[in-house]
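Chemist: Let me see the structure of the following:
(one chain, ligands or ions: 2)
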Amino acid sequence: MRLKFNKYQAIKEHDITDESVWQNRRTVLKALGYAGTMSILSTSAKANPLNWFSDDEESQFVQKKLNARPATEQSATMTKESVATRYNNFYEFGTSKEDPAKNAQSFSVEPWTLQIDGLVENPITLDYDDLFNKFALEERIYRLRCVEAWSMVIPWIGFPLASLIKLAKPLSSAKYLAFETLHDPNQMPGQRSRFVGGGIDYPYVEGLRMDEAMHDLSFMTVGMYGKTLPPQNGAPIRLALPWKYGFKSIKSIVRIRLTDKQPPTTWNILAPSEYGFYANVNPNVDHPRWSQARERRIIGTGLREQERIDTLPFNGYTEVAHLYKNMDLTTYY
Ligand SMILES: Nc1nc2c(c(=O)[nH]1)N[C@H]1C(S)=C(S)[C@@H](COP(=O)(O)O)O[C@H]1N2
Ligand SMILES: [Mo]
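Modeler: Numbers count the residues shown, from 1 in each chain. Ligands and ions are numbered 1, 2, ... in the order given. Next comes the predicted model:
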């Protein structure tokens, strides 16, 4: 089943039509390699970045490029874009939820380099344009469950991590992937000050076992809500691992190293008894300081737009359960 792109029009209510969005649409078109004149963008009706479903040449180009795939959520339950882009965890830009949206606005992501190396036959270096052009882009609506017991439903645009790994041709000795966020204290205030950055030793690092990384759910994300990622959500490229706690979904990635050893991961280094390497969403294993049995699903900021719901094993993505079948999930939390 294909997600019809006109579904997107259901979220028109929380669109924005200001200049920054304009620019964003241009960025997406450019990133997708659109060679047209874009003169069509000068009418105000076209300013809606999500209005990519009409018959004009530009819209058809985008629809074709963003090869959609089945949605796992109804658009009615999708988190509002205005909330998903203003309530963030990105400690490089400060530890309060509203800090990243405030402090990351001038974050410059172009040029960008993403390097894939280590135990591979074919090391790869991707530049900014490659992130959008090298792989067929798909849209996926995923649930995001933060270890802090809140959750959102977000429409991402990206490509399977497996496509990237395959291109690098992993050696048989490669058992894990080590991910790294950009280290640039000039741009990231949290990396200049331990106080602002929450005491983390940067760069932020994360890891996956090879079979987890190769699972089709593991998604490299270059956009959300039909547009390129805003800086606060991890531009220009971040992971989305919907069955794991949010901290595994590392942002603004510059390097992926294939290795034979389980790599160190930021939150595990900081508090090993609270945050494990696996971090699979699990209502039956509580955080030492709070329960993980339930979560606050955030759709919007209104009282009626936040709901307490039960947390599901693997955040409901039970298709990954077999990856952990012989593991005690209380030990490997
Ligand atoms: N580099 C980096 N990646 C990060 C974080 C961070 O602080 N730094 N926070 C993580 C956490 S705890 C969560 S819940 C998600 C939040 O993603 P969002 O702000 O796009 O919702 O990003 C994750 N990726
Ligand atoms: Mo999180």
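Chemist: The stretch 1-150 of the chain against ligand 2: which residues are in contact?
Modeler: 89, 146 (CB under 5 Å from the ion). Using the backbone N, CA and C atoms, a C-beta is placed for each residue, glycine as well.
Chemist: Identify the residue spatially nearest to residue 77, adjacent ones excluded.
Modeler: Using CB to CB, 6 or more residues apart in numbering and skipping residues adjacent in sequence, the residue nearest residue 77 is residue 153, 5.6 Å away.
Chemist: residue contacts, whatever residue of the stretch 201-333 of the chain ends up closest to ligand 1?
Modeler: For the stretch 201-333 of the chain and ligand 1, the shortest gap (CB to the nearest ligand atom) falls at residue 246, measuring 2.4 Å. When contacts are counted by CB atoms under 8 Å, 6 or more residues apart in numbering, residue 246 touches 89, 144, 145, 146, 147.
Chemist: What segments of the stretch 201-333 of the chain are strands?
Modeler: Applying DSSP state E, counting those that start in this stretch to the stretch 201-333 of the chain gives strands spanning 205-209, 219-224, 227-228, 238-240, 253-259, 294-298, 306-310.
Chemist: right, I mislabeled it, should have said the stretch 51-200 of the chain
Modeler: Under DSSP E, counting those that start in this stretch, the stretch 51-200 of the chain gives strands at 113-118, 124-127, 138-145, 150-160, 176-181.
Chemist: Note down every partner strand of the last one and its orientation.
Modeler: This points to strand 176-181. strand 205-209 (antiparallel), strand 253-259 (antiparallel) (DSSP bridges).
Chemist: Please identify the residues of the stretch 151-300 of the chain in proximity to ligand 1?
Modeler: Contact residues (CB under 6 Å from any ligand atom) of the stretch 151-300 of the chain with ligand 1: 181, 204, 233, 234, 246, 247, 249, 250, 251, 252.
Chemist: Put together TSV for those residues, with pLDDT on each row.
Modeler: Below are these laid out as TSV (pLDDT from 0 to 100):
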residue	pLDDT
181	99
204	98
233	98
234	98
246	98
247	98
249	98
250	99
251	99
252	98
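Chemist: Fine, thanks again, bye for now.
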